[in-house]
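Colleague: next input, structure requested:
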Amino acid sequence: MTNLRATSAVALALLTVFAAPAKSQNAPIIHDGEYDFLRAQYGDVWDAQDAEIDARLKEIRDANGGDRPNILYMLIDDVSFGQMGNRALNYVTGFDTPNINNFAAEGMSMMRMYTEPSCTPTRAAFLTGRHPVRTGLKEVKVALIGEGLSGDEVTLAEILGEAGYNTAHVGKWHQGDIEEAYPHNQGFDWAAFPLHQQAQLSLMTREALQANNMVGWHSTGQSNQFQMDDRFKPFGLVTGVEAEVGGLAREVNFEAGEEWTQAHYDEMNARYQRQALEQLERLAGQDEPFFLNYWPLYPINFVYPEQSRSRNGGFMADKVEVVDDYFGELLAKLEDLGIADNTIVVFMADNGMFKQYQPNSGLSELVYRGGKLDHLEGGVRVDAFIRWPSGIEAGSYAGDIFHVSDFFTTLANIAGATEFIPRDRIIDGLNQTALLLEGEGNGRRDYVYIYEGTLLRSVVKGNHKMHLPPPGVPGAAAPVFNLLHDPREERALVGTSLWSGASFQDMVKRHEKRITEFPHLPLGKDEPYGGIENLRPESERARDVFMSWQ
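Modeller: Residues are numbered from 1 along each chain as shown. You can find the predicted model right below:
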């Protein structure tokens, strides 16, 4: 695996002591205890089906001249379930997504796609196939942290690269500000990405102050008569960088002493869209299959446009329409390049809407209660659509549970890269190839564990969901919800669901037992902004101030 991390001998020694021993790549993938519980019931059926699926994948490859599929994964921020892919709800919400709607009709709509409650954890789960609590990337961070995705984690880009795929990343990353965590050090051959996220890029601006969405950060918002500490507010943050595997990153389109504005943010979004199209064309021109990972910064936005384009007019709702345009351009490019039939395209959101900015953002909860940062369904149920004309039935729907970590194992299987999945740690992602190729009812998952940070907050099993009780409260008193009867989780079943208490507690025990067997790996830690060759003086100062108290 390509990795430029400079790890100390001490850290390596500790890892050797505490990590589980490596296993042969021919050994079974280690999953959570609940999967093993299901496999004991369905293993023979699944094994027989997998043999059929392997034969089907070979038929698809033969029909495409022996070529494995390309992969385009587009992940957007903070849009709740029901906001995209449905013309009727477009009318209800007041913003239109025609390209996404047409795309949904051309592939499979995942009706029970679960993510994590916020952007960093969801992205970590996709990249590693593991619940983010296992990697340490358990929450969103805004400014300098000196932390990030560890070089000891194995990403989807790395295993696809081992299998012969060319890889590129464009857009939001948000996996840390240390060198080992950058995408070009985590399996991507080329990357363009911001070091931080939209709180820096669109919220910590004068324009966001004027839109009444940010208070206390920009100096023009108050007199600051008695301010003493000029290091309290974030300053000198690196903006967007570009890099190739094996090289250093370089900050682009921002000069020393310049003030970051909404205009910079808008240009960054447009630049990433141009680069996604450029990378798509470049990758398509090579002999090997490709994996293009595109994570736009929009629709997260905190400033009203000069003229609203949507009926809704909200500062985030308007940008959903922009993202729809972006997605349409990518789909058109696939057609122009003649590779649409054998390219797996995934379009989805990373978690529910940013409810703290409702209603002016223009986004709303719709079916499920809650949003970003919540373990409620509104925080972790999102729209997700998958198209692969060579393998997935157009216009299909799947009510089977799918967790974002499942992409890790599923795409690896389709790409012929399963042998490169590590066997020395828990992989939460399940191989859901049968669901994609055979359709609804062929899923391998009927459960989800939902964390808020390091705290396990709820457990889903089938149509039921338990909110874990606080310490000292017996499990029998924990609220349980039937998600079909009560999708907003407002009317807990207690007495009428007593049958489920012991079963949910057994699920938690199986989960905890496997953690004891395979402890979480440590979060990557280092001096921030390493590996950037042209740090601005203000960024150097910010780093030095941060390191002065570490």
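Colleague: which residues touch Asn342?
Modeller: Contacts for Asn342 (C-beta atoms under 8 Å, 6 or more residues apart in numbering) come out as 64, 67, 69-70, 388-390. For glycine as for every other residue, the C-beta is placed from the backbone atoms N, C-alpha and C.
Colleague: distance of it relative to Phe290?
Modeller: 11 Å (C-beta to C-beta, to the nearest Å).
Colleague: so what's in contact with those two at the same time?
Modeller: Asn70.
Colleague: what's the closest non-adjacent residue to Pro28?
Modeller: Using C-beta to C-beta, 6 or more residues apart in numbering and skipping the chain neighbours, the partner closest in space to Pro28 is Arg423 (7.6 Å).
Colleague: over to Thr261?
Modeller: Thr205 (5.8 Å).
Colleague: again, but for Ser361
Modeller: Met316 (4.0 Å).
Colleague: try Arg68
Modeller: Pro289 (4.7 Å).
Colleague: surely the one you found touches Leu72?
Modeller: No: counting by C-beta atoms under 8 Å, Pro289 does not reach Leu72; the two are 11.2 Å apart.
Colleague: same drill for the two, tell me which one is more crowded.
Modeller: Leu72 (25 against 22; other C-beta atoms under 10 Å).
Colleague: what's the spacing between whichever strand or helix holds that one and its chain's center?
Modeller: Here Leu72, judged by DSSP states H and E, is contained in strand 70-76. Centroid separation for strand 70-76 versus its chain: 11 Å, with C-alpha atoms, centre = their mean, to the nearest Å.
Colleague: rewinding a little: which residues sit in contact with the residue nearest to Thr261?
Modeller: 214, 218, 260-262, 265, 302-303.
Colleague: out of these, list just those in helices.
Modeller: Mapping the contacts of Thr205 onto helices (DSSP state H) picks out 262, 265.
Colleague: and the two most separated of the contacts of Thr205?
Modeller: Greatest spatial distance among the contacts of Thr205 (C-beta to C-beta): His218 and Tyr265, at 14.4 Å.
Colleague: who's more crowded, those two?
Modeller: Tyr265 (27 against 17).
Colleague: surely that one touches Leu297?
Modeller: Yes: with contact defined as C-beta under 8 Å, Tyr265 reaches Leu297; the gap is 7.3 Å.
Colleague: how about the contacts made by the most centrally placed residue in the chain?
Modeller: Taking C-alpha atoms, centre = their mean, the centroid of the chain lies closest to Arg123, which sits 2.6 Å from it. Neighbouring residues of Arg123 by C-beta under 8 Å, 6+ apart: 75, 172-175, 295, 350.
Colleague: picking that back up, so the residue nearest to Pro28 belongs to a strand, correct?
Modeller: No: Arg423 is assigned coil when assessed by DSSP: H, G, I helix; E, B strand; the rest coil, not a strand.
Colleague: quickly list what's touching both of Tyr265 and Leu297.
Modeller: With C-beta under 8 Å, 6+ apart as the test, Tyr265 and Leu297 both reach 198, 201-202.
Colleague: quick one: which of the residues you listed has the most company?
Modeller: Ser202 (28 neighbours).
Colleague: would you say it is within a strand?
Modeller: No: checked against three-state DSSP, Ser202 lies outside a strand; its state is helix.
Colleague: could you measure from it over to Ser219?
Modeller: 18 Å.
Colleague: likewise Asp400?
Modeller: On the measure of C-beta to C-beta, Asp400 and Ser219 end up 52 Å apart.
Colleague: ok, those two, which is more surrounded?
Modeller: A count of neighbours by other C-beta under 10 Å puts Asp400 above the other of Asp400 and Ser219, at 19 against 12.
Colleague: check contacts around the more buried one.
Modeller: Asp400 makes contact with 112, 432, 435, 440-443, 445, according to C-beta under 8 Å, 6+ apart.
Colleague: could you work out the end-to-end span of stretch 155-175 for me?
Modeller: 12 Å (C-alpha to C-alpha, to the nearest Å).
Colleague: so what's the model's average confidence on that stretch?
Modeller: The average pLDDT within stretch 155-175 is 97.
Colleague: related to what we said a few turns ago, give me the buried subset of the contacts of Thr205.
Modeller: Buried by 16 or more other C-beta atoms under 10 Å: 214, 218, 260, 262, 265, 302-303, out of the contacts of Thr205.
Colleague: can I get those residues in TSV with distance to Leu144 and pLDDT?
Modeller: As requested, the buried ones among the contacts of Thr205 are exported to TSV (distance: C-beta to C-beta, whole Å; pLDDT from 0 to 100):
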residue	distance to Leu144	pLDDT
Met214	19	87
His218	19	89
Trp260	15	94
Gln262	23	95
Tyr265	20	96
Phe302	21	95
Val303	24	94
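Colleague: which of these sits closest to Leu248?
Modeller: For those, the nearest to Leu248 is Trp260 (22.2 Å; C-beta to C-beta).
Colleague: distance check, that closest one against Pro537.
Modeller: 15 Å.
Colleague: hey, where'd the strands end up in the stretch 1-150 of the chain?
Modeller: 70-76, 108-110, 113-114, 147-148 (DSSP state E, counting those that start in this stretch).
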